[in-house]
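1. pasting the sequence and the predicted model now:
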There are 2 protein chains.
Amino acid sequence: MRGKATLRDVAERAGCSITTASNILQGRSHLYREDMAQRVLRAAHELGYRPNSVARSLARRRTAAIGVVLDPHHVRLTHNVYAHDVLDGILAYLEPRDYDIRLITPRTNDAATVWRRIDNGSIDGAILIAPVMGSPLLEWRHYSSLPVVAVGSTLPDEYLLSQVDIDNDAAMAGLVEWVIQQGHRAIGFIKGHPLHWSAHQRERAFRRVMMLNGVPLREEWILQGDYGPESGALAASRLLRQKEQPTAVIAANDDMAVGFIQKCRELEIAVPDTISVAGFDDAYWAQRVGLQLTTIQHDRYQVGYLAAQMLLHHIEMGDAPPQRILIPGALVVRQSVAPAHALASMPTLTTTLLTEGGSRL
Amino acid sequence: MRGKATLRDVAERAGCSITTASNILQGRSHLYREDMAQRVLRAAHELGYRPNSVARSLARRRTAAIGVVLDPHHVRLTHNVYAHDVLDGILAYLEPRDYDIRLITPRTNDAATVWRRIDNGSIDGAILIAPVMGSPLLEWRHYSSLPVVAVGSTLPDEYLLSQVDIDNDAAMAGLVEWVIQQGHRAIGFIKGHPLHWSAHQRERAFRRVMMLNGVPLREEWILQGDYGPESGALAASRLLRQKEQPTAVIAANDDMAVGFIQKCRELEIAVPDTISVAGFDDAYWAQRVGLQLTTIQHDRYQVGYLAAQMLLHHIEMGDAPPQRILIPGALVVRQSVAPAHALASMPTLTTTLLTEGGSRL
DNA sequence: GAGGTTTTTAGGAGCGTTTCTATAGCACGA
DNA sequence: TCGTGCTATAGAAACGCTCCTAAAAACCTC
């Protein structure tokens, strides 16, 4: 019984036409006499009428739903911690605006299948979560004319995709700068996953700031990782086996930094006394485990929130030119990095410094 | 141009009726002559035709979408770690079956609004993520006739909801039993969030097994927590301030156990040498941080997978009676619990023991 | 070559809304 | 008495698809 009452039923019970019922239920009751409006509203209430959103979408040619598309590369949502916070931000923005969210996780690279699942009339626009290099999703403009915003990957302009991301370059630059200021001249780096744009941006910033400060870059101290903690541990065992070793290591993310530190503990190498370690991301779990990781904090929630906002704007405005928002990160100084030559005097308070602001395309 | 070709366009181009095009594109080409089928398929391909899923849903009276509903209580998805794994399992089952997922996060308790958002014809069924006590979602049967499966909360039978959950009772019983077998007779407990069914079930199992084994229950060692790490730390400072202290503490989840251990470290109390600590859940982040937490591992992914399977079954079968699946947990022995009187001989290998199996309603 | 079967194709009524357009009914001034 | 301009309401055509039913075409058979 419930959930099956249709507009026709309401109209019938109120003794009016479907048009009338529709108008009044959409809030246009000023068009009608007071008592008519009351009759319809009451009828709807008595029948427990709920408008069928599918029929409405068809008639309106708008679905009031947006798709959140996970790159096929991120096989499991779980393993993409990034996505959770972003999703929260998206939900927070969209929920009060009565938009629905469709979670789309293509598990194939077959273009026809992927696009049939994404652009089949069921959404008004989409947010792409961290598309990686070579992802079929990057060819969006080629397969779909739906508005779209990419988050978590700062993409080259030629893709013509709107984007919201953290400012990887500026944030990493600030971190490296700071480490150098701590007196370190022998600094290693653990790279992120080679298919992630962010990995390259963070590495590039590292190299640039090192050069600019005249600190020698030693390739044997720049190790490949994949953003996973195990790869950090692996990098540690590789690095610490070398004859000469850096006094500080910057990992492209916290997970690898934690893996690195774990391995150091196993090998009984003191952090930060013997070697300083910095991370990036300010991962939730790394914080509450007493590692006191010096890292870059950034607001993933806000990334999602702004992405949703930008997407709705695109949906309403029709095709606006692609836009890019970069959100600045903040350096969080904890205790995993010590001054290079004054190991005794470590900062005891947790300090937060803003790195330089974001930029716009 | 793209994404706008309609069935009519395809039919026109292939020189046939809409019916014919529809049938062939739905795979019923055996009804037609080979060349007709080819013509239609080619036309569709040339036009880049993609069936409009909204229109299809309306006509078929099935949406091929299910809703994943987060309890309003879990304000942020992020803070509900549980949900991620479950969602992964759901996605894994549903994606290959061409079902869509709608993420629904009601942020209000107003019934009309909540149900207008959930049961408005846009989904064929729903999975409820960990509804808490007093949640409006529990009145599902009262507001909706859609098939539904609850996960993460083992609910009383009277709600008439199908469920998939881990077997909190059996798993906790196994853990407590094991701790007692390690020789502990002075055991404390940190309770989970009072609105979560699981918190009560875990506590009840703790009390029962203690009684059954004739181990004295000391209420001053049974502390209220809320599943968050801070509440574990708080419990630690409360407990460790007492004149008499337990030799082991069981926390209702890992987050609290970790908070507890952190606080112990601060207070320079050795774990497990002075006090043993066990957790529950085998949280991802607790593992890779060197805490070596003895805990209960359970397969949240499978919970999601089975819930999705059960839901689809309900959708296809019409109203089957509510069903309940409880998945057994596994005791993972690491190093945070030491034998009560032989602190030197701790297990060095990580061992996994299955607790007793699940049960069915 | 008429009647009967079977194969192949088309017609058209939904599905539940929205929305454009039309039409009563009525008061008004000219 | 006749438009004119309101206000309050209804009709009906979409939206793009599915699917039940029926018609047309082809193929037999005697």
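-> Perfect, thanks for sending it. Numbering: from 1, shown residues only, chains lettered A, B, ... in the order given.
2. who are the contact partners of A:Asn52?
-> Going by CB atoms under 8 Å, 6 or more residues apart in numbering or on different chains, A:Asn52 touches A:Thr6, B:Asn120, B:Gly121. Every C-beta, even on glycine, is put in place using the N, C-alpha and C of the backbone.
3. er, A:Pro147 I mean
-> Contacts of A:Pro147 (CB under 8 Å, 6+ apart): A:Asp124, A:Gly125, A:Ala126, A:Ser162, A:Leu311, A:His314, A:Ile315, A:Asp319.
4. tell me where the stretch 201-350 of chain A is predicted with low confidence.
-> In the predicted model, the stretch 201-350 of chain A carries pLDDT under 70 at residues A:288-289, A:341-350.
5. now A:Ala170, what are its backbone angles?
-> For A:Ala170, the backbone dihedrals (degrees, to the nearest 10) come out as phi -60, psi -40.
6. that one against A:Leu331, yeah?
-> No - counting by CB atoms under 8 Å, A:Leu331 is not a contact partner of A:Ala170; they are 10.8 Å apart.
7. shouldn't A:Val164 be within a strand?
-> Yes - secondary structure of A:Val164 (DSSP: H, G, I helix; E, B strand; the rest coil): part of a strand.
8. for chain B, what's its nearest residue on chain A.
-> Nearest residue of chain A to chain B, counting by CB to the nearest CB: A:Trp285, 2.9 Å away.
9. now for A:Ser41, how many residues are close by?
-> For the record, residue A:41 is Leu, not Ser. Residues near A:Leu41, counting by other CB atoms under 10 Å in any protein chain shown, number 17.
10. with adjacent residues omitted, what lies nearest to it?
-> A:Ile24 (6.7 Å; CB to CB, 6 or more residues apart in numbering or on different chains).
11. contacts only, for the one you found.
-> The contact partners of A:Ile24, taken as CB under 8 Å, 6+ apart, are A:Leu31, A:Tyr32, A:Met36, A:Ala37, A:Val40, A:Leu41.
12. doesn't A:Ala171 make contact with A:Pro328?
-> Yes - the criterion here is CB under 8 Å, and A:Pro328 meets it with A:Ala171 at 6.8 Å.
13. out of the two, which sits in the busier spot?
-> Using other CB under 10 Å, the more surrounded residue of A:Pro328 and A:Ala171 is A:Ala171, with 29 against 18.
14. helix, strand or coil for the more buried one?
-> A:Ala171 ends up helix, using three-state DSSP.
15. where's it relative to B:Gly259, distance?
-> Distance, A:Ala171 to B:Gly259, using CB to CB, to the nearest Å: 29 Å.
16. now swap in A:Gly228 and tell me
-> Going from A:Gly228 to B:Gly259 by CB to CB gives 25 Å.
17. which one's more surrounded, these two?
-> Remark: of A:Gly228 and B:Gly259, B:Gly259 carries more neighbours, 23 against 17, as counted by other CB under 10 Å.
18. need the pLDDT of A:Ala112.
-> If you check A:Ala112, the pLDDT there is 89.
19. DNA strand C versus that one, what's the distance?
-> Counting by CB to the nearest atom of the strand, to the nearest Å, the gap from A:Ala112 to DNA strand C is 24 Å.
20. that residue belongs to a strand?
-> No - with three-state DSSP as the criterion, A:Ala112 is located in helix rather than a strand.
21. distance of it relative to A:Pro136?
-> In terms of CB to CB, A:Ala112 sits 11 Å off from A:Pro136.
22. quick one: the helix or strand hosting A:Glu316 to strand A:162-166, angle?
-> A:Glu316 belongs to helix A:300-317 when elements are defined using DSSP states H and E. Using axes from the mean of the first three to the mean of the last three CA atoms, to 10 degrees, one finds that helix A:300-317 and strand A:162-166 are set 170 degrees apart in direction.
23. can you list the domains in chain A?
-> Per automatic domain parsing, the structural domains of chain A span A:7-51, A:168-299+A:329-354.
24. count of neighbours near A:Pro156?
-> By the criterion of other CB under 10 Å, A:Pro156 has 9 neighbours.
25. you'd agree A:Val333 is up against A:Thr294?
-> Yes - judged on CB under 8 Å, A:Val333 makes contact with A:Thr294 at a distance of 5.4 Å.
26. more neighbours: the two, which one.
-> A:Thr294 (30 against 20).
27. tell me how far the residue lying closest to that one once chain neighbours are set aside lies from B:Val164.
-> Nearest non-adjacent residue to A:Thr294, counting by CB to CB, 6+ apart: A:Val337, 4.4 Å away. If you measure A:Val337 against B:Val164 using CB to CB, the figure is 46 Å.
28. what does the pLDDT read for the residue nearest to A:Leu41?
-> pLDDT recorded at A:Ile24 is 96.
29. tell me the secondary structure at it.
-> What three-state DSSP gives for A:Ile24 is helix.
30. now A:Ile127
-> For A:Ile127, the assignment made with three-state DSSP gives strand.
31. and the spatially closest residue to A:Ala37 that is not a sequence neighbour, how many neighbours?
-> In space, and not counting its chain neighbours, A:Ala37 is closest to A:Ser29: 3.7 Å by CB to CB, 6+ apart. The number of residues packed near A:Ser29 is 17, by other CB under 10 Å.
32. was I right to think A:Ser29 contacts A:Arg39?
-> No - between A:Ser29 and A:Arg39 there is no contact under CB under 8 Å: 10.7 Å.
33. any idea how far stretch A:240-259 is from the middle of the chain?
-> Offset of stretch A:240-259 from its chain centre (CA atoms, centre = their mean, to the nearest Å): 25 Å.
34. same deal with stretch A:123-130?
-> With CA atoms, centre = their mean, you get 12 Å for stretch A:123-130.
35. does DNA strand C have contacts with it?
-> No - Stretch A:123-130 is not in contact with DNA strand C by CB under 7 Å from any atom of the strand; minimum separation 13.9 Å.
36. out of the contacts of A:Ile24, which is most surrounded?
-> Going by other CB under 10 Å, A:Val40 tops those with 25 neighbours.
37. ok so A:Gly67 is a strand residue?
-> Yes - according to three-state DSSP, A:Gly67 belongs to a strand.
38. contacting residues for it?
-> Counting by CB under 8 Å, 6+ apart, A:Gly67 touches A:Ile101, A:Arg102, A:Leu103, A:Ile104, A:Ile118, A:Ser122, A:Ile123, A:Gly125, A:Ala126, A:Ile127.
39. report the secondary structure state of A:Leu87.
-> Of the three states, A:Leu87 takes helix according to three-state DSSP.
40. and stretch A:121-135, what's buried?
-> Of all the residues in stretch A:121-135, those buried under the rule 16 or more other CB atoms under 10 Å in any protein chain shown are A:121-132, A:135.
41. of those residues, closest to DNA strand C?
-> A:Gly121 (13.0 Å; CB to the nearest atom of the strand).
42. residue ranges for the strands of the stretch 101-250 of chain A, please.
-> Under the criterion DSSP state E, counting those that start in this stretch, strands of the stretch 101-250 of chain A are mapped to A:125-129, A:148-151, A:162-166, A:187-190, A:222-223, A:248-251.
43. most tightly surrounded among those strands?
-> Burial of these is given as mean neighbour count (mean count of other CB atoms under 10 Å in any protein chain shown); strand A:248-251 ranks first at a mean of 30.
44. what's that one packed up against?
-> Counting contacts by 3 or more CB pairs under 8 Å, 6 or more residues apart in numbering or on different chains; DSSP states H and E, strand A:248-251 is packed against helix A:168-181, strand A:187-190, helix A:229-239, helix A:254-266, strand A:276-278.
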